[in-house]
Structures are given as C-alpha cells and as structure tokens.
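Enquirer: pasting the sequence and the predicted model now:
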Amino acid sequence: MDILLVVSAFNSLSQRVYAELADHGHHVDVVLARPGPDAVRAAVAETKPELVIAPMLKTALPDDVWREHTCLIVHPGPPGDRGPSALDRAIADQVPDWGVTVLQAEAAMDAGDIWAAMPFRTEPVGKSDLYRNEVSDAAVAAVLLAVRRYAEGSFKPLPQSDPATHVVWRGFLRQERRRVDWEHDSTATVLNKLRGADSQPGVLDELLGRELFLHGGHPEDQLRGRPGELLATRAGAVCRATRDGAVWIPELRPRKNSGDPAPFKRPAASVLGPTGLPEAAVPLELPPGRRTWTDIRYRQRGDVGFVTFSFPGGAMSADHCRRLLAAYRHALTRSTPVLVLGGARDFFSNGIHLNVIEASDDPAAESWANLNAMDDLVEAVLHTTDRLVVAALGGNAAAGGVMLALAADEVWCRTGAVLNPHYRRMGLYGSEFWTYTLPRRTGTGTAGRLTTEALPVSAATAHGLGLVDRLVPVPAGEFTAEVDRMAAGLADAPDLGRRIDAKMAARARDEAVRPLAEHRRAELARMRDIFFDPAAPYHALRSAFVRKLPGACARPLSATGAPLTGGTR
C-alpha cells in the first residue's frame, strides 16, 4: 500500500512507524507539516497515497486533505480521551493503565471514528522514556492493525458516540499545574511532576535567582536539607532538597527572553555555573540498598560484568565518554569472560552531545574533544580480546552510538528499538571506527547504502542486515532481566573459550590488513575539516537541531538523498 506519513517532526515514534510499515512491505513517504499546510497538500498531490497517517502531529491537517483522503491520527490516549496533553495528564494523575488510539481525522480534535486502540501500563519512568517504549509499542501495534483493517475493506470504524466510549476532554497541562511547591510537595510528588515533563516542556522554577526549566528527576536516599535547597552535584546533575528527602535533576534549560536565541537543555551544573556545591561521589559499584542516581554503574553476576549507563537523550559529551571509559577499564580488571555494555531500558547512545557542543565558547574545539573521547571509548572496546563483549540495546541508537554497539562482539537489541546507522543528516562524515565495524558486519555495499540513504531501520531489519545478532522480544521493563539471563547463558556456553581465542586471532588478522589507528586517522581527518570549517553545513544543522528551529536535520530525505515535495520516498 502507498502510505504518506504527515509529521510535525521525524521523531522516535515517526521513525519507528516508518520503519515498521516498510518492514511490512508498504511504500512509505514522509512529509513535515511545516511551515504550513501547502507542504502537506503538495506531498499528497505528488505521492497520491492510498492512506495518510499522522504518528506525531501538533497541527491540524488541511481540511481538503482529510475530506478527500482517509487520514488516521495517532493519539497517545485511550478511546474517548481528547486533548493536547494526554500523556502528561496520565502521568500527572498517576493512571496505572493508559492506551493509544488510531482515529480518523475530522474537524474536531481527537473526535474521529476509532480504527484501532491498544492499552499499555504506565511504568514509573519519565514521559519521554514511556513515549519511546510503552507508547511506541502500543502505537505501532495499533497502526499496523488499523492499516490491515483499512486494506481488508470490511472493517467499520467505531464512532465515539458509541455508548461504550467514555469521552473526556483534557485541556493543555499548563505550568501552573506542573509547578513544584518545594515547601509542601513530597518527594514522590516532586518526582511525578518532574517525570511528567522530563523532555518537554520541563517544569518552570527559580534557581539562584534565575527562571529555569527543570528536566528529569531521580530519587536520592541520603542527602537532606531545607526544602528547595541545592545540596550537591554529581556527573553534571544537581541534587535539591524536598520536604521529606531530595531529588536529582540532570538537566536545566533557561527560560527564553524576548529577542534571545532559543535556549536548550544541557547538564544542570553547566547551566548554573560555579556554585560551590560539593560533588557527591558514589562508588561505581553501589552498595546494596542504595537508592540514588548515577548515570554509570558496574555490577557483576557470576562470570558476567555489566557496565550500565543512561544519559539524557542518549547524548554523550566528552565528560560522559571519559567517565564511561573509566568504568569500562574498571570492568576489564575483573576476570569475567563476558562483559555487557548497556542493558538499561530506553536509549543506548546517540553519539556526541550536540547541546553541550552548541553551548561551548568554541563549538569546533568541543566537537573535536567530544569526538576524540568517543573514539577512545570505542577503540577500547575494539581492543578487548580477552573476553566477549556484548552491546545490549534496550532502546534507540544513532550515529556514533550505533558504532559503539558495533564495536562489541555481539549486539543484542530489544525489538522496539530503532537504529540510525549514519551521520549524514548532521552534515558529518562519521568516526568511531565506522569504516571498519560497519562493513565487516554488512559488507561494503550495504554500509555505503545505509550511510548514504540515512534512513532509520527497525530492530528486525537491523538483524537481517547483520547489525544485530540477537533480537530481544520483551517489554522495555523486562529488558534488563532478560539480558541478565541471556548473558549468564553465554558465560556458561561450552564453546566460550574457543570463541574468545578466535576473536583474538581475527583482531590480529584485521590489524595486519589495516590497523585501527589508520581507520581512526582517516576518519578524524575528514571530521576535523568539517568541524573547523565555519562554512560547513554541520554548524547550521547542529544549531537548528539543538534549538528546534525550522530546517533542522529531522527533515526526511529520499533514498537517493533528494527531498521530494516535502517528503521522502
């Protein structure tokens, strides 16, 4: 079937719907619904779709489009739920069960007939994590069901006037409802408010005399102070006291002043600047019973070591990379024949930290430092020959994050993840030894196609291409436990020693053909030319992406690289 996706941004859900529909044999085009309705009209006229689907749309479809074509809207709420803050309100109200509904577009928002609906559990995680995982799983299942029903031609969608549908309008969740009362809100209430706005829009607050948006929240079990007081920093986050405990806030975003460039999120401590707060260090291996936030941890179970990490948005600054490398080297001091890198739910890695780079006084130099720190980490994984290394992807990965995974001996990937194994949309050639790791898995031709087309691939497609060794078909909340079980099985395998020996021999052969240092030198030469060229598209693309401006690299491209009339084929 010819399907046109209309999206406000080619975000994680839009990419997954695109990839899954393509996996099911559909011909999919994508158009960004901006800056106005003409782009959508032009894409419809050019592609002549049998069906229009809007996985993520912040504006209404043009009347003439939905009147003349069947248009399906993905709404992140159960049947009968209406309004622009559906998921935010589900988290704010601590609803244990929620859902996704696929509706037919009509004049009134979210009022169309129901083509499909899927329930899900609202896990106690941030909104963006929930959106990329439980919501995404339910949305894809609902979209595929709706498309199948439409193709069969006999299904009659359920009008919302049906007595079985309880219609509720939920208005926009404003900052007045989100605001934290530090004197009176419990830690649980504060965490719920922070998690319900972790990516967007954040929670507006005042810190050190400045209006800032707070992004993300995690509990702290030991530090205490006056409600609202800043207590400490750790790995770029700040700890703030509540009336009965404390919370860690990883990122902050300044409030925009009239005429200023659009501000953006970055590590909280860097936004605040010098504060004199102590660094609340914790051991890499947390003692049993500790309930505190840290973005990198090591643990060991039998013959398996686990280096787990979770960075906001999957972005890895130079500091993130250096600390993760230190944790990896710590893991190598343990005599475990299997080492798992990752294993947490949600993002694995999206490569270098564009927000930190954009905020730097010298973005070119920061880009260079960040990339070299990322290369150091990947190189350490590639040089590990005394054990098997597994990259466990509980969620999405892109650019250098994909290449970090490919440096491992095996890649295990949750079936709901989406991979973007390319750099092109940011105007970059790429590094992280991709010229070695990508072709050795997919072959030179496929590697070239993936990096040139610059399109997302589902976990299933990645498995078929050789990017992924084992699919992990479990809900996001069960991923870590399943990885533990799989890793224990790998450590007990009778041929493990033989595989490690074979790995060491293969690395020596590859090194004799072309040393890793030569791959790194050639890749970095290309990247240095881009970073230190003020006219290189990378700088404008990075700024647009970070500041969420029109023209950001989220614009889809065709398989040949040429944009269609607002879309991609």
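Expert: Alright, I've got the coordinates.

Enquirer: give me the pLDDT for residue 558.
Expert: For residue 558, the pLDDT comes out at 39.

Enquirer: and if you look at the one 10 residues further on?
Expert: At residue 568, the predicted lDDT confidence score is 36.

Enquirer: for residue 451, same thing?
Expert: The model's pLDDT for residue 451 equals 97.

Enquirer: what strand or helix carries it?
Expert: Using DSSP states H and E, residue 451 falls within helix 444-453.

Enquirer: for the stretch 151-300 of the chain, give me the ranges with low pLDDT.
Expert: Nowhere does the stretch 151-300 of the chain drop to pLDDT under 70.

Enquirer: kindly apply the preceding question to the stretch 301-450 of the chain instead.
Expert: Residues of the stretch 301-450 of the chain that meet the criterion pLDDT under 70 are absent altogether.

Enquirer: mind listing the helices for it?
Expert: Along the stretch 301-450 of the chain, counting by DSSP state H, counting those that start in this stretch, helices occupy 318-332, 354-359, 363-382, 400-406, 434-442, 444-453.

Enquirer: how about residue 370, what does it touch?
Expert: Contact analysis of residue 370 by C-beta atoms under 8 Å, 6 or more residues apart in numbering lists 316-318, 321, 352-353, 356-357. Using the backbone N, CA and C atoms, a C-beta is placed for each residue, glycine as well.

Enquirer: and which of those is nearest residue 381?
Expert: Distance to residue 381, by C-beta to C-beta, is smallest for residue 321 among the contacts of residue 370, at 11.9 Å.

Enquirer: now the closest one. Nearest residue, chain neighbours left out?
Expert: Closest residue in space to residue 321, ignoring its immediate chain neighbours: residue 373 at 3.7 Å, by C-beta to C-beta, 6 or more residues apart in numbering.

Enquirer: ok, the one you found to residue 265 distance?
Expert: 20 Å (C-beta to C-beta, to the nearest Å).

Enquirer: now residue 350
Expert: Taking C-beta to C-beta, one finds residue 350 at 14 Å from residue 265.

Enquirer: intersection of neighbour lists for those two?
Expert: residue 313.

Enquirer: more crowded one of these two?
Expert: More crowded of residue 350 and residue 265, by other C-beta atoms under 10 Å: residue 265, with 25 against 20.

Enquirer: right, and the more buried one touches residue 212 too?
Expert: No - counting by C-beta atoms under 8 Å, residue 212 is not a contact partner of residue 265; they are 10.3 Å apart.

Enquirer: which neighbours do the two share?
Expert: 252-253.

Enquirer: near the closest residue to residue 424 other than its chain neighbours, how many other residues are there?
Expert: Distances taken as C-beta to C-beta, 6+ apart put residue 454 closest to residue 424, at 4.1 Å, once the chain neighbours are dropped. The tally of other residues near residue 454 (other C-beta under 10 Å) stands at 20.

Enquirer: adjust the sequence numbering to begin at 769 for everything that follows.
Expert: Okay, using 769 as the starting number, the last item reads as residue 1222.

Enquirer: hmm, what's the outermost residue in the chain?
Expert: Using C-alpha atoms, centre = their mean, the residue of the chain lying farthest from its centre is residue 931. It sits 38.6 Å away.

Enquirer: figure out the helix or strand that that one lives in.
Expert: Using DSSP H and E, residue 931 falls outside every helix and strand.

Enquirer: in contact with it, which residues?
Expert: Applying C-beta under 8 Å, 6+ apart to residue 931 gives no contacts.

Enquirer: distance of it from residue 848?
Expert: Residue 931 is 11 Å from residue 848, by C-beta to C-beta.

Enquirer: ok, residue 1214 next?
Expert: 46 Å.

Enquirer: same drill for these two, tell me which one is more crowded.
Expert: Set residue 1214 next to residue 848 and count neighbours by other C-beta under 10 Å: residue 848 wins out with 19 against 16.

Enquirer: give me phi/psi at the more buried one?
Expert: Note on residue 848: its backbone torsions stand at phi 90, psi -20 [degrees, to the nearest 10].

Enquirer: just the buried residues of stretch 927-937, please?
Expert: 928, 933 (16 or more other C-beta atoms under 10 Å).

Enquirer: cool, stretch 828-840 as well?
Expert: 829-830, 833-834, 837-840.
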